[in-house]
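Visitor: whatever this is, show me its structure:
(5 chains)
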Amino acid sequence: METFGARYHPPGTPPGTLTRHGEGGATRICLLEYNQEHFSETLIPTPEQCRAAVQNDWVDWLDVTNVHDPAAICALGETFGMHPLAMEDILNSGQRPKVDFHEKHAFLILNLPYLSGKDIRLEQISLFVGDGHLLSFCSGDGKAFEPVRERLRQGFGRLRTRGVDYLLYALVDVIIDSAFPLLENIGEQIEDLEDQVLENPDKTILTSLHQLKRDLLLLRRALWPQREVISRLIQHDAELVSEIMRPYFSDCYDHSVQVIDLIETYREMLSGMLDIYLSSLSNRMNDIMRVLTVIATIFIPLTFVAGVYGMNFTDYPEHPWSMPELHWYYGYPLIWGVMIAIALVLLAIFRWKKWL
Amino acid sequence: METFGARYHPPGTPPGTLTRHGEGGATRICLLEYNQEHFSETLIPTPEQCRAAVQNDWVDWLDVTNVHDPAAICALGETFGMHPLAMEDILNSGQRPKVDFHEKHAFLILNLPYLSGKDIRLEQISLFVGDGHLLSFCSGDGKAFEPVRERLRQGFGRLRTRGVDYLLYALVDVIIDSAFPLLENIGEQIEDLEDQVLENPDKTILTSLHQLKRDLLLLRRALWPQREVISRLIQHDAELVSEIMRPYFSDCYDHSVQVIDLIETYREMLSGMLDIYLSSLSNRMNDIMRVLTVIATIFIPLTFVAGVYGMNFTDYPEHPWSMPELHWYYGYPLIWGVMIAIALVLLAIFRWKKWL
Amino acid sequence: METFGARYHPPGTPPGTLTRHGEGGATRICLLEYNQEHFSETLIPTPEQCRAAVQNDWVDWLDVTNVHDPAAICALGETFGMHPLAMEDILNSGQRPKVDFHEKHAFLILNLPYLSGKDIRLEQISLFVGDGHLLSFCSGDGKAFEPVRERLRQGFGRLRTRGVDYLLYALVDVIIDSAFPLLENIGEQIEDLEDQVLENPDKTILTSLHQLKRDLLLLRRALWPQREVISRLIQHDAELVSEIMRPYFSDCYDHSVQVIDLIETYREMLSGMLDIYLSSLSNRMNDIMRVLTVIATIFIPLTFVAGVYGMNFTDYPEHPWSMPELHWYYGYPLIWGVMIAIALVLLAIFRWKKWL
Amino acid sequence: METFGARYHPPGTPPGTLTRHGEGGATRICLLEYNQEHFSETLIPTPEQCRAAVQNDWVDWLDVTNVHDPAAICALGETFGMHPLAMEDILNSGQRPKVDFHEKHAFLILNLPYLSGKDIRLEQISLFVGDGHLLSFCSGDGKAFEPVRERLRQGFGRLRTRGVDYLLYALVDVIIDSAFPLLENIGEQIEDLEDQVLENPDKTILTSLHQLKRDLLLLRRALWPQREVISRLIQHDAELVSEIMRPYFSDCYDHSVQVIDLIETYREMLSGMLDIYLSSLSNRMNDIMRVLTVIATIFIPLTFVAGVYGMNFTDYPEHPWSMPELHWYYGYPLIWGVMIAIALVLLAIFRWKKWL
Amino acid sequence: METFGARYHPPGTPPGTLTRHGEGGATRICLLEYNQEHFSETLIPTPEQCRAAVQNDWVDWLDVTNVHDPAAICALGETFGMHPLAMEDILNSGQRPKVDFHEKHAFLILNLPYLSGKDIRLEQISLFVGDGHLLSFCSGDGKAFEPVRERLRQGFGRLRTRGVDYLLYALVDVIIDSAFPLLENIGEQIEDLEDQVLENPDKTILTSLHQLKRDLLLLRRALWPQREVISRLIQHDAELVSEIMRPYFSDCYDHSVQVIDLIETYREMLSGMLDIYLSSLSNRMNDIMRVLTVIATIFIPLTFVAGVYGMNFTDYPEHPWSMPELHWYYGYPLIWGVMIAIALVLLAIFRWKKWL
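Guide: Okay, here's the model as predicted:
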């Protein structure tokens, strides 16, 4: 995930300025219309044809993907009476999740996290909900919504029998729940790392720990505000969310809280693991130093003793004080005895100090 | 305890989808009916027979254990007018504790922690309370409720003389209080570790500390929201909890706060112990290094001195400058004197530096 | 202080079950009756005689100490219309401080900290305040209330001239204020440790730091909720605390906040000191390593030089390339010169690196 | 950024005392007047001429830069009915951002962060908004407002068609958004440091980490209160912000929250990186010590063996116990064999301990 | 600053007991009376004369310094209808800042921090504000109020023209603002330490860091509650603070928030610096160990080689296997070659590992 992650205009740019960011494929507008009996899915070639298309009693879902084209957004926005700042937000992905209520419609921005290879990515989803129609703008290819589209096509479940608020719920539910497979994956990585830290702490763990901490930090920044967004959606006194839909959005809210709970728990586990890792390093260092100390403190005195009897004072045998030990009959075995005694005493001391 | 711990459906699954998770024994439905005079305990073979069974003035407790069978939950749920999302939550254990109030009933999810060997496990208990009947769904075998069943059978205490809210209290009380034996056990482990850290810090402590921290973290995630659940139960303006039951639920609330207090205190104690452990490691390292340094710095100069007089300059006695020390009458005792003097001076320095 | 500290019944025990915990002396019930003119102090042999005794216009204080006897508590509780859960809480010491308001009375649980030798202990004080009478239950010997009893006996201060709420204030004030001598003592210990950490950090500090941190943590758990209790006492819209007593309880509240402030400040100071201690250890390690490094890096090259001229190549004088240095007239002084030069250069390097 | 950063008068100075701080260029007052059709930009030579100048139906923006001159501020303040404390705040830069609402006007203080070379600097912007006129006071040269001035000159966007609240929005928007390029820059620095910490941790990183942490800390202190300021601006029940401007200020609010989010995320990332850095250092230390230990523990015993056979006991061949090994025919190759064997065994042990 | 810092009576002492603490000079009561035209300053010899003295339409400021005399406080308190607990608080300095509102007066306790040499000290200021008179009690010599007295004497500023609430503001303003010079001083110390930590981290820094952290912690405890006090002063619905004075007290509130902001920022900076210091220590240790390792691992093998050729096998020339190297013509130069080669290879390895 990107550290900064937000797209913005230079300070002082007039509000509502629309700019193309990134490359991406062509913007694609797909209209899904349905009620209990009917369902149709049409590709809309130009944004201007949308208004006419949604003039009916059906539920209309304008599913816009690969949102990069300022012209298309501008046309769509003006057709549906979107606020210029909302259009700007749709194009400048990396916005903080939020919900704005207007007289006749609501505008939501949410972040959909997904795995791309081993990297966590965010797709910004903007939802514009009006009377009988919903516009969804995905900064990416909107693949995450495929199960919802399929449910509409198949007429499976309650989705086709309900209004636009049920569609809104279905999309928000997908966005919130898409964090679960990701977090399950991270949970498994954490359990793997946990075993490694305690059993075999090596340097690669540090990189993995750091990467996971960073991802969770950025994920938290992206997902934390969604709890507030859904809470405001439930509490809002408008006809946007009908009484019968409350338990569904409450369920979404519970899930968004659970996501935050998991992220926080993981973050604390990772912090704990870094402490354990540091302690393991210190333990290792102690082991290494203990070995060095034991070997060195045993052999250094012995080497000294050997060095003493390598001195050349004895070359002058007329001096009785010049290393008489060398003249002794059992001098050599005696010196070995002294050296072995020193070694044994030191070993005993080390064993008593529990260094061995 | 499982790091991730939550069961969920793939994002985009229609709400209210019921799936079997885990294996477990067969789902078992037991009906306990009672009032002040009567008590009966019947095993219900098929969920469809429940509705008829509870059509009376007695208090009816439908005690469902080993909740894994989607069909049974679905049949029970439809019989009692349960929300589809509630049914889903009953099956997908690992939910966050919560309470949902509906017009005629309330639905609670709580976590019952228990020890399985040395591991802490969670059993999800879902409670559905309506007028005169209570359904309890245990993800496990519901052994924890045995004392309540026994009190009903024996007619002991006030339980048989009161309504369904007293039964609800009795069950919630069991769930909350089951954390106490667990936390007492953890408290004893912490006291053991405390002594060990201060007296004899070895590597196994690290694993124990990490394990306890992790368990407390996951326990906190599971039990923290229960405080809020009971608080909402007390504050709710419905006939669910009668005035006379308020002090009882308040007591439950106090206990859930005490549980959280204990968990937080333990977590801080463990953090403190890790710091102490790290300091002990550093202390040990200092001890080891001090020994090495003292031995090495004493013998290295001595070995050098011995090395000097092991040089072969003296082989040419015609050179007056070639190691005349070797020719001295008292050369050898003198060199020992020098070496002992060096050693004593160094020892004095180390004692003055408080390294010995 | 005990880590777990709470007494509880096995989960599933009926509410209001009374059990004896601990040994302690015999429960002692003392009735103190007074008004502005009169004062009497009577030992009540059996709890049943209490009700009759308090039937008068005087202020009646039933001072119950060494609360371990379930029978006595049960009799007293039933006489005064206590809730069964309150009686259970009186016996199960280690409860979280709380206040429960009932129609005609209030029930408080507070913790009185005291020093027993060098250990901090907690005495649970339960106060039951009704119209004109106050029952106090001490889990210990209630010695802390002696000054209040003495003030009643002597008729000193305003205590005898006021109602039961002033008595309540006097007791609560003693309980809250008893933390001050304790915290002053801890404050002095902290200042001593502070000097030690900075001047002479040794291993015993670690144990002291840990002990203090632990005590403060457990003290905080025990005293933190008392702030809330007194705050609720002041805000409660009942006749329990008369208008004229508000400033007195406000003063208690200020003191309980000050106690929490002190505990938090001390905790942060101790955390800071552990950091300082760790830094001191690292500093010490650096000192030790520096000495080892300086000594070793100076003498190791010198020993090598001495070792070179201890080689026996020179034994074959017909080889001109075999250690001709040994044949030189000034060979030995020269080699000393080389060695001293090496040592001086290394010393200069170390001084330049500020290692000396 | 300055650690203290606030300018203040000595305690006890009468409120509203105006003092010159710093040097800076001359205070410059520029009047920009506009409505949909007209636009004029005039330099006002003396503050006294302002009142007359703004007496019209146009929107008047008095753009005051390099605010250092007490006399000018005093004259302006008295002309427009500014509170003496507001005038003091304009001159004493380093104030905490705030908004004060008065009957006919509002007074805002905001901080505009900008990069001066590699340093982050703050410019205090004070805004005084009355009916139809806005006074802006920049402690610096006000270069950040140039795009707004240019939009006015060019009549670009909606700015010229709206009232003074839109101008206020435009200026606040510039101030809030000016944090984005800065934070993007910091984000890039953090990503660079991240790579360095994991791949090649050297000492310069420490200085960079510290510098960034410090800057973010001071930036947070300066920008955190702006969220509150804008929130109060939106909630204020006055005619200051018209209904139509609410979404614009909400957008500003979202941006200020996003700025705080980014700062907090960065701060946590930097904390994490310091931990990683410390772990890397410990890892490095372990590597170094391992090398030393391996080399030393292999060669120290070998050197001892060599030392043993450098002893001079053999000089007296009549002693059969004096180093008979030297007399053996294969003594020398044998001793090499022993030494190589010792080395191989030690190497095997180190490889088994995974130190190699 | 004192760690404990609070003066208290033994638990159980009757409320309102007045005791002398500390020594200090004699209590001094000075009456300053003024209105727009007049000003008089009189020393009041006995507290009883105060009541009569303040019976006029002027603003009366009874400025009591060196508050140690229980008799004087008691007499003053009874004259002005002070609550006994307020009198106790005036004498027992070290109270938590607070404000108590009574029907006809308000009672404030605030802490004035000042520098005494290099130590931070606190002076407790108690303010008793009634209708037309203000009593200020300083635990010290009240030197900080001298500028206010001087402003009264000179009639400078608005002070003489306003009521008692403006006097209250002037005094509170002095108390709050007196933290600024202190914090500026600490800020400079922090900047000095910052440079030192990064450039030349030595042991004295640890003491300075600890001292500053401790002072800021105690300062926070003393000043944090003042924000709340001033906030309550502003929000209080009494005639104490007139509408016209609100902006002045708001300004005080802003300053008290700024003080807290600064303290918190400084505390975080110091925490960061301790981390940097610890990292620097580790870095230093790495440097030291690297030098030791490089020197030791180069010379230890060389010394071994020299040791080998110091062995005495060669003394028996009839053994062809006894150190034939010594017999070689170019043996000695060869062995130097080998040793230089070993050293170069090791140096190359160290350079490749970036240890040099």
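Visitor: helix or strand for the single nearest residue of the stretch 1-150 of chain A relative to chain E, which one?
Guide: Going by CB to the nearest CB, chain E is nearest to A:T3 of the stretch 1-150 of chain A, at 20.0 Å. Every residue, glycine included, has its C-beta placed from N, CA and C. A:T3 belongs to no helix or strand when assigned by DSSP states H and E.
Visitor: tell me how chain A divides into domains.
Guide: Chain A breaks down by automatic domain parsing into domains covering A:28-280, A:284-352.
Visitor: closest one to chain D among those?
Guide: Nearest of the domains of chain A (CB to the nearest CB): domain A:284-352, 3.4 Å.
Visitor: now do the one residue in the stretch 201-350 of chain A that gets nearest to chain C against D:F313, distance only.
Guide: Going by CB to the nearest CB, chain C is nearest to A:G310 of the stretch 201-350 of chain A, at 6.7 Å. Distance of A:G310 to D:F313, given as CB to CB, to the nearest Å: 10 Å.
Visitor: and for the closest residue to A:V129 other than its chain neighbours, the neighbour number?
Guide: In this structure, A:V129 finds its nearest non-sequential neighbour in A:A106, 5.0 Å apart by CB to CB, 6 or more residues apart in numbering or on different chains. Number of residues near A:A106 (other CB atoms under 10 Å in any protein chain shown) recorded here: 20.
Visitor: how close does A:A106 get to chain B?
Guide: Per CB to the nearest CB, to the nearest Å, A:A106 is found 21 Å from chain B.
Visitor: so what's that residue scoring on pLDDT?
Guide: On pLDDT, A:A106 comes in at 92.
Visitor: my guess is it meets A:H83, correct?
Guide: No. Look at A:A106 against A:H83 with CB atoms under 8 Å: they stay out of range, at 11.4 Å.
Visitor: tell me, what's touching those two both at once?
Guide: Taking CB atoms under 8 Å, 6 or more residues apart in numbering or on different chains as the criterion, A:A106 and A:H83 both touch A:D100.
Visitor: distance from stretch A:336-356 to the middle of the chain?
Guide: Per CA atoms, centre = their mean, to the nearest Å, the displacement of stretch A:336-356 from the mean C-alpha position of its chain is 53 Å.
Visitor: quick check: mean pLDDT across it?
Guide: Mean pLDDT, stretch A:336-356: 90.
Visitor: that stretch vs chain C: in contact?
Guide: No. Shown here: stretch A:336-356 not in contact with chain C (CB under 8 Å from any CB of the partner chain), separated by at least 14.5 Å.
Visitor: just the CA trace of that stretch, in CSV.
Guide: Extracted in CSV, the C-alpha atoms of stretch A:336-356 (Å, rounded to 0.1, in the frame of the first residue of the first chain):
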residue,chain,number,x,y,z
TRP,A,336,50.3,-30.2,32.8
GLY,A,337,48.7,-31.1,36.1
VAL,A,338,48.7,-27.4,37.1
MET,A,339,47.1,-26.5,33.8
ILE,A,340,44.4,-29.2,34.0
ALA,A,341,43.7,-28.1,37.6
ILE,A,342,43.2,-24.5,36.5
ALA,A,343,40.9,-25.6,33.7
LEU,A,344,38.8,-27.8,36.0
VAL,A,345,38.5,-25.1,38.6
LEU,A,346,37.3,-22.6,36.0
LEU,A,347,34.9,-25.2,34.5
ALA,A,348,33.5,-25.8,38.0
ILE,A,349,33.0,-22.0,38.6
PHE,A,350,31.2,-21.7,35.2
ARG,A,351,28.9,-24.7,36.0
TRP,A,352,28.1,-23.1,39.4
LYS,A,353,27.3,-19.9,37.7
LYS,A,354,25.0,-21.9,35.3
TRP,A,355,27.0,-20.7,32.3
LEU,A,356,27.4,-24.3,31.1
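Visitor: which residues touch that stretch?
Guide: Contacts of stretch A:336-356 (CB under 8 Å, 6+ apart): A:290, A:293-294, A:297-298, A:301-302, A:305-306, B:288.
Visitor: and the helices in the stretch 101-250 of chain A?
Guide: A:146-154, A:164-177, A:179-199, A:203-235, A:246-308 (DSSP state H, counting those that start in this stretch).
Visitor: can you list the buried residues in the first one?
Guide: Within helix A:146-154, the residues that qualify as buried are A:147-149, A:151-152, counting by 16 or more other CB atoms under 10 Å in any protein chain shown.
Visitor: and what of the third one?
Guide: Of the residues in helix A:179-199, those buried under the neighbour-count criterion (16+ other CB under 10 Å) are A:179-180, A:182-184, A:186-187, A:189-190, A:193-194, A:196-198.
Visitor: show me the contacts for the closest residue to chain B within the stretch 1-150 of chain A.
Guide: Nearest to chain B in the stretch 1-150 of chain A, going by CB to the nearest CB, is A:P147, at a distance of 2.7 Å. Counting by CB under 8 Å, 6+ apart, A:P147 makes contact with A:174, B:10-13.
Visitor: at 10 Å what do you get?
Guide: With contact taken as CB atoms under 10 Å, 6 or more residues apart in numbering or on different chains, A:P147 is in contact with A:156, A:170, A:174, B:10-14.
Visitor: which SSE is the residue of chain A found nearest chain D in?
Guide: Nearest residue of chain A to chain D: A:G12, at 2.8 Å (CB to the nearest CB). If you go by DSSP H and E, A:G12 is not part of any helix or strand.
Visitor: contacts only, for it.
Guide: Here A:G12 is in contact with D:144-151, D:170-171, D:173-174, D:177-178 (criterion: CB under 10 Å, 6+ apart).
Visitor: okay, those residues in CSV with pLDDT next?
Guide: What follows is these, written out as CSV (pLDDT from 0 to 100):
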residue, pLDDT
D:A144, 92
D:F145, 94
D:E146, 93
D:P147, 93
D:V148, 93
D:R149, 93
D:E150, 92
D:R151, 91
D:A170, 94
D:L171, 95
D:D173, 95
D:V174, 95
D:D177, 94
D:S178, 94
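Visitor: and which of the contacts of stretch A:336-356 is nearest E:N56?
Guide: B:I288 (80.8 Å; CB to CB).
Visitor: wait, isn't the closest one in contact with A:T293?
Guide: Yes. B:I288 sits in contact with A:T293 when judged by CB atoms under 10 Å, with a separation of 5.3 Å.
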